[in-house]
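*Asks:* Build me a model from this:
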Amino acid sequence: MSTKQRASLEKTLSMKDILALAFGTMIGWGWIMLAGSWVSAGGVLGAILAFLIGAILCIFVGLTYAELTPALPLAGGELVFAYRGLGSEASWITGWMITFAYVGVAAWEGPALITAIDYIVYLPRLGYLWTIAGFEVYASWVLIGSLGGLILAVINYIGIKSAAVFQLTATLAMALGGVCFFFSGAVNGDVANMVPTFTSTSGFVTVLLMVPAMFVGFDVIPQAAEEMNIPLTKIAKVLILSICMAAAWYMIMIISIAMSAPASIRETDGIPVAESFAYAMGNEAFGKVMIVAAMCGILTSWNGFIVGATRVMFAMGRAKMLPEIFGKAHPKYKTPVAAIIMVGVITCLSPLLGKNALVWFVNASAFGTVVAYFMVACSFLALRKKEPELARPYKVKHGTAVGILAIGVALFFLYMYLPIGPGALVGAEWAMVLGWAALGVVFYIMSKFSYKDVTKEETEYLMFGDEYKRF
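*Replies:* Reported below is the predicted structural model:
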């Protein structure tokens, strides 16, 4: 079968590009807004312990990704793993849920960007539209968020390398801001501010529940695997390294905010890290400097999730699980044009929902992520049994134990989000999950009717290409 029938993406990403993509996507904006609440809820050591445990749990899941990604380095990541290990239907569910996770977080970034800009320069409230979840939405506010979405869509449209250069630059700028924050606390702060040390078990659990959402992003690596220009053996190392770097970052930021300012400052309704930095430096201008670094974090997360979502949609379109237009690459830029346009439109429209309502997207998308983690862990074990001969450039030691533990981690976090769990999703969040699932059912039925003549051999080729297909 001619390879001309199957669209492919250009291999241009270097090691530093991949690390910046994963690390920048994971860090984002959350630490700026939530570091103070982590200390308040769990205490300094309680919050650090929650992130340490969360990182260890994520590493078990990450190890399954580390083996599967270099073994099947194809756009779509989780989609491809699930198809190989569990079959077509499981693959569809996995791809659709991880796309929901990426789009949901990306949709939140526009309002986050506007909030950051408004902290630096007051934005006039012009053209009142409506109020959602207690937040008044104005046309002027929406326009700025939509402009950010449009710019990132264009960057991704003109090539993965342009997106990677942007990601690396913004990630370095964000990291510089975080380093300055740490040293300001170490030099000008006071260890007396580092209270409470530990609050309670319920407070610790409160922080632990937030951890999965904070580590979402390392799973973007398999989405871009088809565009990596590095030895396959290095993919696993950079994936695990990115999780460790993110864990270290969050724990350092917890220490930094605890040292920098007393609870009365870091528990503000504003932007805690910015106000704590200004307090430690004794000048409000430093708070605005920190917001510039925070804006870079917003953009890295936003950019990374656009890359992730569009590559899954591209892989689904290429395998005829979605309309074929999603599986076509731009003839010049080699980017998934239709997927980028669709995700770009969603992120440009998301500011219309206001700032408060979009918290629902974050929580609902975390549920979608955990579903994907569960499916990948199951695929990992299934492939160990079904295809022991599959070439694995990196093979996890004690694979069965790691796979079982990864499944346990995913089920634990799924329990947390269910109605019986301590972090149950609210009604609006369940509506988003079920609405996305219903849309997926429609697309699934459409694809079955539209491509009913596609053979298993053709699907195998479209999913894996000549190099990785089984038959």
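
*Asks:* and residue 90, that's in a strand?
*Replies:* No. If the criterion is DSSP: H, G, I helix; E, B strand; the rest coil, then residue 90 is helix and not within a strand.

*Asks:* In three-state terms, label residue 123 for me.
*Replies:* Per three-state DSSP, residue 123 ends up coil.

*Asks:* just the helices in the stretch 301-450 of the chain please.
*Replies:* Applying DSSP state H, counting those that start in this stretch to the stretch 301-450 of the chain gives helices spanning 337-349, 354-357, 359-386, 399-417, 427-450.

*Asks:* Pick the most buried one from these.
*Replies:* helix 359-386 (a mean of 23; mean count of other CB atoms under 10 Å). Placement of C-beta: from N, CA and C, glycine included.

*Asks:* which other helices and strands contact that one?
*Replies:* helix 44-71, helix 78-86, helix 88-120, helix 201-215, helix 399-417, helix 427-450 (3 or more CB pairs under 8 Å, 6 or more residues apart in numbering; DSSP states H and E).

*Asks:* Which pLDDT value does the model give residue 455?
*Replies:* Among the per-residue scores, residue 455 holds a pLDDT of 88.

*Asks:* 678 is where my numbering starts, stick with that
*Replies:* Yep, numbering from 678; the last one is residue 1132 now.

*Asks:* From residue 834, how far off is it?
*Replies:* 33 Å (CB to CB, to the nearest Å).

*Asks:* ok, those two, which is more surrounded?
*Replies:* Using other CB atoms under 10 Å as the criterion, residue 1132 and residue 834 rank with residue 834 on top: 18 against 8.

*Asks:* which residue packs closest to that one, ignoring adjacent ones?
*Replies:* residue 1017 (5.3 Å; CB to CB, 6 or more residues apart in numbering).

*Asks:* And for residue 736?
*Replies:* residue 920 (5.7 Å).

*Asks:* Could you check the helix or strand encompassing the one you found and say which residues are buried?
*Replies:* Here residue 920, judged by DSSP states H and E, is contained in helix 909-937. Across helix 909-937, burial judged by 16 or more other CB atoms under 10 Å covers 909, 911-913, 915-920, 922-924, 926-937.

*Asks:* how far off helix 878-892 does it point, in degrees?
*Replies:* 140 degrees (axes from the mean of the first three to the mean of the last three CA atoms, to 10 degrees).

*Asks:* Run the angle between helix 909-937 and helix 721-748 for me.
*Replies:* Using the same axes, to 10 degrees: helix 909-937 against helix 721-748 is 170 degrees.

*Asks:* Quick one: mean pLDDT for helix 909-937?
*Replies:* 93.

*Asks:* what do you get for stretch 1056-1067?
*Replies:* 95.

*Asks:* before we move on, what about stretch 702-720?
*Replies:* Across stretch 702-720, the per-residue pLDDT values average to 87.

*Asks:* Show me what counts as buried in that stretch.
*Replies:* In stretch 702-720, counting by 16+ other CB under 10 Å, buried: 702-720.

*Asks:* same check, this time on stretch 831-851
*Replies:* 832-834, 836-841, 843-845, 847-848, 850-851.

*Asks:* low-confidence ranges in the protein?
*Replies:* 678-681, 1035 (pLDDT under 70).
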